[in-house]
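K.L.:
sharing a model that was predicted from the sequence below.
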Amino acid sequence: MNDTANQPASRSRRRLKGPKVCHCCSKEVPFCWSCRCGFLICQECMNENVWGMSCNGITWQCPDCGGQNGFGNQ
């Protein structure tokens, strides 16, 4: 029996669609790399700063929280 009326409201796990605002350049772009802490960086800024955020080209380290994030290539 699937009774969803009595269940508490939960946050949707779907990602928000639409433009995102890069935390580095403040531009509104359709895609940003994101960290779990909420940090967003656009592809252009990532290309400029990947030398300091990644040592192996597979993961990148968030400059805000220090968390490890994948590029999605593995």
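P.N.:
Thanks, I have it.

K.L.:
okay, CA-based contacts and neighbour counts for the rest of this
P.N.:
Will do.

K.L.:
strands along the chain, start to end?
P.N.:
For the chain, the strands defined by DSSP state E cover 20-21, 28-29, 32-34, 40-42, 59-61, 68-70.

K.L.:
which one of these lies nearest to residue 51?
P.N.:
Evaluated over the strands of the chain, closeness to residue 51 peaks at strand 59-61, with 9.6 Å, by CA to CA.

K.L.:
in that closest one, what's buried?
P.N.:
59-61 (16 or more other CA atoms under 10 Å).

K.L.:
could you do stretch 24-36 as well?
P.N.:
Buried positions in stretch 24-36, judged by neighbour count with 16+ other CA under 10 Å: 31-35.

K.L.:
same check, this time on stretch 66-74
P.N.:
Of the residues in stretch 66-74, residue 69 count as buried by neighbour count, 16+ other CA under 10 Å.

K.L.:
which outside residues touch it?
P.N.:
Identification of contacts with stretch 66-74 by CA atoms under 8 Å, 6 or more residues apart in numbering yields 35, 57-62.
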